[in-house]
Every structure is written in structure tokens, then in C-alpha cells.
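Asks: fold the following, please.
(chains A and B)
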Number of protein chains: 2
Amino acid sequence: MTELITSPHNQLVKTAAALRQKKYRDELGLFAVEGVRLAEELVAAGWPAEICLFTAAAADNRRAAEIIDRLAGGRCRLAQVSDALYAKITDTQEPQGLMLIAPVRQTPFAAALTGPRPSLIAVLDGISDPGNAGAVIRTADAAGCSGVVLLKGCVDLYAGKTVRATMGSLFHLPVVAGMADGELAAALAAAAIPLVATAAGGATDYTAADLAGPVAIVFGSEARGVSDRLLASAAARIAIPIYGRAESLNVATAAAVILYEAARQRRPTL
Amino acid sequence: MTELITSPHNQLVKTAAALRQKKYRDELGLFAVEGVRLAEELVAAGWPAEICLFTAAAADNRRAAEIIDRLAGGRCRLAQVSDALYAKITDTQEPQGLMLIAPVRQTPFAAALTGPRPSLIAVLDGISDPGNAGAVIRTADAAGCSGVVLLKGCVDLYAGKTVRATMGSLFHLPVVAGMADGELAAALAAAAIPLVATAAGGATDYTAADLAGPVAIVFGSEARGVSDRLLASAAARIAIPIYGRAESLNVATAAAVILYEAARQRRPTL
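Replies: Next comes the predicted model:
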């Protein structure tokens, strides 16, 4: 049954609006997914939606209506809201009028060991830009990674901008959030997966490094790079050569170049 | 001599504010470069600045002061403005209080033939997002491209967001804007440079394509891809395989993967 919400003081509306803040996402263990495409990806991945908020206009859209119909058969709470109310809860500039609220997942590191072999794990260290973090998750998915790790100190995986930038890849492969660097180093050692760090100084050209076997590759921020602690525990340091006069590459770009080099090297096994 | 501008009706202030719009950039043949880093890049490239607007706070910054001093020795008009006035003209969220106004360049295609050999030219078709267009220019610079072409229909090269996303690479290598696709095809034919199109269907894996010789690689938008006309004139079609469940790659990411594959293949000559 679909509720009809007209009051801005309604608790569902307040909850949805609050989820734009990390504090409330952490407290409630929920996050919001907006737009038809992302909602389709969440549902297709079997990730349970608890609440679905939509406008009348969204209900008239065929793809949005299909999602709403499908959720109506389950335990998801459905509520129609006015455009004005939707505008109060959206985190996007051009809202499509469809929002699913779903439980966050604490994906264990072990999940990243169950995917494609040999394991290829992308690790982000100190990445604070949600667009960059999301873009790396999308690229890691495309390149056939077995998982992604966002170390403690990275942007929140469940921030609206991060989720949108993943273009749904967040729902495709294990993304582990909030590990400390020491914890990661121990987990990799236990799984016999070497850590390779991207670094500017004293590094091997990325095409000369062996990325065909099991490997975790850590990418740092443009400003600070990979932490000294992780650099110290890395089996190798790799870098992308700069042939022109650009000072550096964006982290999402660098990750794409390196993860696809790993894919190229391991192609026979894919 | 530095002018001190206090009135929002001052013509320089009005001009600077107007340059946020393409209409006025085209009309005046000028564009704005904001921030210390980009201003340094423009000056270092010998690109003439006609006007320099800065706040008192910027003049206290060592790097900004060096730029202002250097420009004071030439023909650049210098003007100090209040923070409030600067806020009226800036195109950025967190202004650094330093803006250079410089003439736009109509870079001829021939300039892209004078750079590193064998020629490696990145061509953008229908790219409307300034962040993506700028990111490709930055990556093309890093990967050692001889030039970049933004075909007619792409975002304005001189829009503030495009300029910022290039991170200064706009000043490092020839970037040709506004060519029609037929004009590009003719120019490439005359220079005996084959065109390779990125495409989803019926395409060769990008690592199997020969990208070591002279080549122009065209990248289309995620929504529409490369135009039929350019696809028809392409010597080859290449694609990046998707190993996971991502639907596609962002165009800036795809360009990075392919341009660095070209760099890898031509490494012995670089």
C-alpha cells in the first residue's frame, strides 16, 4: 500500500532529508539512492530497499513505475510525496523524483577475496573527493577487480555524491569501507596478497611491474600520496610516467590506467 | 601602476564578470584564469595576460605576489579590488582572489602536428561536460600527446570549469577548438594521420590496435558516442573491454586508458 505524504513534518520525510548527513547515515544505518538508473541497479543487485519515496511524475515514468511495482510486492514501505516535499529531501541538482532508502552494508574484507581470481583489489588512501572515490569504484568494476577498499579517512562511501559517481558499481562488487591501514596490511598478509603502492619517487614504471598475480594496489590523494605506513609495507612502488608537462594525473585517472594495465597483463586468465 | 577599484560599476569589474558567459568571451576574445596555480601556468607558458585583478589578501600571498610583480613589468593592467568586488566576478566556489584575463587563442590544427612524433592527437566529439573535457586535456598532456582537438559541439574550451579541469595543461600543448568533423577528416588525410574511433560495437580491443604510429583517436560522449560521420571515416574502431558489470567508463577515464596504451606502445620512441 502506498502512503501519501503531504506534511514536511512527516517522519519519513525528515529521515530522508537527514540522510544527506553522514552523522544520520551512521546513526540510522541507512543511505539514500536517487534516480531511476541507480535504483534499478540496487534492486537488480538484490540489495533490500526499506523505503521508496516518489513523486507523481516519477510514478508516470515507465522505468520508475517498474521499480515501484517490484518493490510493492515486498517489504518496502512506499510513499508518494509532492514535488515540493521531494525538493526538500533530494541531494541532487536535477531530481528525478525517485529515492530508495536502503541499509548500509559493512562489507567484510573477506568478501573481496571471493571474486575474480587472481585477486585484484583497489585500495584508496585519503581520498576525500566523493566524485573521485566513486569513479575509482566504477573503473575497478569495469576492469574486473575483485573488490575495493576505502581506508579509514576516505570520503563516506554512502554519501550521495559517492554513490552517484559509482554509477551503480557500488552494488556490483565488494566495497570495504573504514579499514585502518594496519588492519589492511594484516589481512593482505594473511591472504598472501602483495600490496603495491603508487608513488612518485623511486618507483617502477607501472608497465614493468608484475600485476598479473594476486595484488592489492593502493592509490593515495594527489596532495598527500599514499601514507608512509602503507608505503613501508608495500612489496613494490609503481608510478605512471608523465611524458608531457602535466604535473600529475587525477587519482581516478591514475587508477584507470593502472587497473587496466593489470587487466591487460592478466587477460589470459580472465 | 596598480589601480584601486572600489565601484561595482567599474568597467574592468563588469568585463571580468561578463567573461563567465561564453557570449562575452566570444565577443571580447578574452577569458579568465583564476587561482595562483593556473595563473602561474599561464605566465610560465608566455601566454600574455591583459588584466590582473587581485585582492589585498592575494597580494599578501607569496606566490600570487610573484605573479603580480612579474606582470607589473609588462603591459598587463593591474587592479586591486575588495573581497566583496572579487566575489562578484569570480567563477569559483572558494576564490583565491587572483584573476588573470587573457586573450583566447584560435590554435590552428597545424600546431598539433609540430609536437612530439609520431603524432598522437586526442579528439573530443560532443563532450559537453567541462570537467571531462578539461580532464582529457590534462591526461593528453601527461601521456605525451602532440595536441587535442575539441570538435564543434563540445563545451567551450575557455569556460572557467574547463580551464580549471585542465590544471594548466591547456597552456602546455596545442588545443584546437571548433573544427567541424569534415574539416578534421580532411586535415588528418592531408597529414597522413589515420583516425581511430572509440566505439562500442564491432570494435577491436584497444590493446590489439596499432597505436604506435601517427594516430588521432576520437572519443565521443557516453550518451551518443562518436558521430556516424567520423565513424565512417575512421581507419579502425577500438573499444575498452568491460570485465565486470559496469555499463561503461566515463569518457575521461576511457581516454586515459587508451592514450596511455598508445604511450606504452610508442615508448621506445619517446
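
Asks: tell me where the stretch 101-250 of chain A has strands.
Replies: Taking DSSP state E, counting those that start in this stretch, the strands of the stretch 101-250 of chain A run over residues A:120-125, A:147-151, A:175-179, A:195-198, A:204-205, A:215-220, A:236-239.

Asks: pull the residues that contact stretch A:3-10.
Replies: For stretch A:3-10, contacts defined as C-beta atoms under 8 Å, 6 or more residues apart in numbering or on different chains pick out A:12-13, A:53, A:77-82, A:85, A:88. Using the backbone N, CA and C atoms, a C-beta is placed for each residue, glycine as well.

Asks: what's the pLDDT at the residue of the stretch 151-270 of chain A found nearest chain B?
Replies: For the stretch 151-270 of chain A, the residue closest to chain B is residue A:243, as judged by C-beta to the nearest C-beta, at 2.9 Å. According to the prediction, residue A:243 has pLDDT 94.

Asks: pretty sure it contacts residue B:140?
Replies: No - between residue A:243 and residue B:140 there is no contact under C-beta atoms under 8 Å: 10.1 Å.

Asks: okay, these two: which has more neighbours?
Replies: residue B:140 (28 against 19; other C-beta atoms under 10 Å in any protein chain shown).

Asks: distance of the more buried one from residue B:107?
Replies: Noted for residue B:140: a distance of 14 Å to residue B:107, by C-beta to C-beta, to the nearest Å.

Asks: next: residue A:62.
Replies: Plainly put, residue A:62 is 46 Å away from residue B:107 if you go by C-beta to C-beta.

Asks: higher neighbour count, the two?
Replies: Between residue A:62 and residue B:107, counted using other C-beta under 10 Å, residue B:107 has the larger neighbour count: 18 against 7.

Asks: so which residues of chain A form helices?
Replies: Using DSSP state H, the helices of chain A run over A:11-18, A:22-28, A:36-44, A:56-59, A:62-72, A:83-89, A:130-142, A:160-165, A:181-190, A:228-233, A:251-265.

Asks: quick one: those as a markdown table, columns for distance to residue A:148 too.
Replies: Below are those laid out as a markdown table (distance: least, C-beta to C-beta, whole Å):
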| stretch | distance to residue A:148 |
| --- | --- |
| helix A:11-18 | 27 |
| helix A:22-28 | 19 |
| helix A:36-44 | 16 |
| helix A:56-59 | 30 |
| helix A:62-72 | 26 |
| helix A:83-89 | 28 |
| helix A:130-142 | 5 |
| helix A:160-165 | 11 |
| helix A:181-190 | 12 |
| helix A:228-233 | 15 |
| helix A:251-265 | 10 |
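
Asks: okay, the ones you listed in a markdown table with mean pLDDT and distance to chain B next?
Replies: Shown next, in a markdown table, are these (pLDDT from 0 to 100; distance: least, C-beta to the nearest C-beta, whole Å):
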| stretch | mean pLDDT | distance to chain B |
| --- | --- | --- |
| helix A:11-18 | 94 | 23 |
| helix A:22-28 | 97 | 20 |
| helix A:36-44 | 96 | 9 |
| helix A:56-59 | 93 | 21 |
| helix A:62-72 | 95 | 15 |
| helix A:83-89 | 93 | 22 |
| helix A:130-142 | 97 | 4 |
| helix A:160-165 | 96 | 9 |
| helix A:181-190 | 96 | 21 |
| helix A:228-233 | 91 | 22 |
| helix A:251-265 | 96 | 4 |
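
Asks: so who does the closest residue to residue A:101 other than its chain neighbours touch?
Replies: Closest residue in space to residue A:101, ignoring its immediate chain neighbours: residue A:51 at 3.9 Å, by C-beta to C-beta, 6 or more residues apart in numbering or on different chains. Residue A:51 sits next to A:12, A:15-16, A:76-79, A:100-101 when contact means C-beta under 8 Å, 6+ apart.

Asks: pick the one among those closest to residue A:215.
Replies: Among those, residue A:100 lies closest to residue A:215 (C-beta to C-beta), at 34.7 Å.

Asks: that closest one reaches residue A:42, doesn't it?
Replies: Yes - between residue A:100 and residue A:42 a contact is recorded at 5.8 Å, counting by C-beta under 8 Å.

Asks: need the overlap of contacts for these two.
Replies: Applying C-beta under 8 Å, 6+ apart, one finds that residue A:100 and residue A:42 are jointly contacted by A:33, A:49.

Asks: neighbour count: these two, which is higher?
Replies: Comparing residue A:100 with residue A:42 by neighbour count (other C-beta under 10 Å), the higher total belongs to residue A:100, at 26 against 20.

Asks: for the more buried one, give me its contacts.
Replies: With C-beta under 8 Å, 6+ apart, residue A:100 has these contacts: A:32-34, A:39, A:42-43, A:49, A:51-52, A:67, A:71, A:76.

Asks: let's see 7 Å
Replies: A:33, A:39, A:42, A:49, A:52 (C-beta atoms under 7 Å, 6 or more residues apart in numbering or on different chains).

Asks: can you add distance to residue B:169 and give these back as a markdown table?
Replies: Supplementary listing: the contacts of residue A:100 in a markdown table, determined by distance: C-beta to C-beta, whole Å:
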| residue | distance to residue B:169 |
| --- | --- |
| A:33 | 35 |
| A:39 | 37 |
| A:42 | 37 |
| A:49 | 43 |
| A:52 | 44 |
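
Asks: just the residues you listed now: which is nearest residue A:158?
Replies: Taking C-beta to C-beta as the measure, residue A:158 sits nearest to residue A:33 out of these, at 9.4 Å.

Asks: any idea how far chain B is from that closest one?
Replies: 16 Å (C-beta to the nearest C-beta, to the nearest Å).

Asks: ok, that residue - how many residues close by?
Replies: Neighbour tally, residue A:33, other C-beta under 10 Å: 26.
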